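**Q** Curious how this folds, go ahead:
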Amino acid sequence: MTASNFIWYELLTSDPDAAQIFYRDVVGYTIIPSVNPDLDYRMWALGKVVLGGMMEIPEKAAKMGMPPTWVGYLGVDEVTDAVNAVVAAGGQVRMPSMTIANIGRMAMVTDPQGAPFYVMRPNHGGAFTSFGTELGQCGWNELHTSDGEAAKDFYVKHCGWTLDAPLDMGPMGKYHLFSIDGTPSGGMMTNPQVPHPMWVFYLNVEDINAAKARVEEGGGTVIMGPQEVPGGQWVINGIDPQGAFFGLVAPK
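**A** Numbering: from 1, shown residues only. Purely as a prediction, here's the structure:
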């Protein structure tokens, strides 16, 4: 995999109807209903920004114990090559490669530490609006893993990302900042407190304190923050009512 950008974000949840209400109230999303009569796949939108999609955890995955989770899509040139590279590096295949008409080809894999993500070659070559600075977009991608040092090496090698100067977090180790195509895009850290390695995606909101209140009013749990981060922004980490980890980020 080379030059892999986050092109889409997807919430896999145990209760799409309840999750739809929660993120509508917290972030302001509207829902674009499913156009597929055989699959209830809804999309998140805020104004002209389409962030990604949402669906119920597939029955097979739910029986295997997959928890509600946000999963990111990385754009790749060739899905089979990307999957083979992940497996050769010690990762695993969660969903074999498949082609969806008019959408593209994709697979779900995990990195060597177990954090899931999709690799995808979309049919269209246009710009994606999932990551950026606009309200509703994902503004930051953060990996919580069992081995931050190994994880950074994996993504640099296989995704073509570049590392920026890390932040020293004292006893917690280093926070490895990375850029994609020259754009600061996220960070990686060793975090033994999470139940399993995962990507946490920070959604852009207008005001962090007001958003925190909406999270709690909606039945979610704030587990960290509000906290100021380098650059002057404020963040919180939370768990939605179904159990999916998420982040929110707002200007100073």
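**Q** from here on, contacts and neighbour counts on C-alpha atoms
**A** Noted.
**Q** Wasn't Gln20 part of a strand?
**A** No. Using DSSP: H, G, I helix; E, B strand; the rest coil, the assignment for Gln20 is helix, not a strand.
**Q** quick one: contacts for it?
**A** Neighbour list for Gln20: Ile31 [criterion: Cα atoms under 8 Å, 6 or more residues apart in numbering].
**Q** what's the nearest residue to Tyr73 if we skip its chain neighbours?
**A** Spatially, and ignoring its direct neighbours in sequence, Tyr73 is nearest to Tyr118 (4.5 Å; Cα to Cα, 6 or more residues apart in numbering).
**Q** by contact count, what packs against the helix or strand where Leu177 lies?
**A** Leu177 is part of strand 174-180, with elements assigned from DSSP states H and E. With contacts taken as 3 or more Cα pairs under 8 Å, 6 or more residues apart in numbering; DSSP states H and E, strand 174-180 sits against helix 148-159, strand 162-163, strand 167-168, strand 183-190.
**Q** try 6 Å this time
**A** Other helices and strands packing on strand 174-180, by 3 or more Cα pairs under 6 Å, 6 or more residues apart in numbering; DSSP states H and E, are strand 162-163, strand 167-168, strand 183-190.
**Q** Contacts for it next, please.
**A** Outside of strand 174-180, the residues within contact range by Cα atoms under 6 Å, 6 or more residues apart in numbering are Trp161, Thr162, Leu163, Asp164, Pro166, Leu167, Asp168, Ser185, Gly186, Gly187, Met188, Met189.
**Q** Quick check: neighbours of it in the sheet, parallel or antiparallel?
**A** Strand pairing for strand 174-180, determined by DSSP bridges: strand 162-163 (antiparallel), strand 167-168 (antiparallel), strand 183-190 (antiparallel).
**Q** Least confident secondary structure element in this protein?
**A** Among the helices and strands of the chain, helix 59-63 carries the lowest confidence by mean pLDDT, DSSP states H and E, at a mean of 86.
**Q** now the very next helix or strand once past that helix, how far from the chain's geometric center?
**A** Scanning forward in sequence from helix 59-63, with DSSP H and E defining helices and strands, the next element found is strand 69-75. Using Cα atoms, centre = their mean, to the nearest Å, the mean C-alpha position of strand 69-75 is found 5 Å from that of the whole chain.
**Q** and strand 69-75, average pLDDT?
**A** Per-residue pLDDT values over strand 69-75 give a mean of 96.
**Q** what pairs with that strand, and is each one parallel or antiparallel?
**A** Strand pairing for strand 69-75, determined by DSSP bridges: strand 6-13 (antiparallel), strand 116-122 (parallel).
**Q** Contacts made by stretch 53-71 with the rest, please.
**A** For stretch 53-71, with Cα under 6 Å, 6+ apart as the criterion, the contacting residues are 9-14, 16, 41-44, 117, 243-244.
**Q** Just send those back as JSON lines, with distance to Pro195 too.
**A** Putting the contacts of stretch 53-71 into JSON lines (distance: Cα to Cα, whole Å) gives the following:
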{"residue": "Tyr9", "distance to Pro195": "21"}
{"residue": "Glu10", "distance to Pro195": "20"}
{"residue": "Leu11", "distance to Pro195": "18"}
{"residue": "Leu12", "distance to Pro195": "17"}
{"residue": "Thr13", "distance to Pro195": "17"}
{"residue": "Ser14", "distance to Pro195": "18"}
{"residue": "Pro16", "distance to Pro195": "22"}
{"residue": "Tyr41", "distance to Pro195": "27"}
{"residue": "Arg42", "distance to Pro195": "27"}
{"residue": "Met43", "distance to Pro195": "27"}
{"residue": "Trp44", "distance to Pro195": "27"}
{"residue": "Phe117", "distance to Pro195": "17"}
{"residue": "Gly243", "distance to Pro195": "11"}
{"residue": "Ala244", "distance to Pro195": "11"}
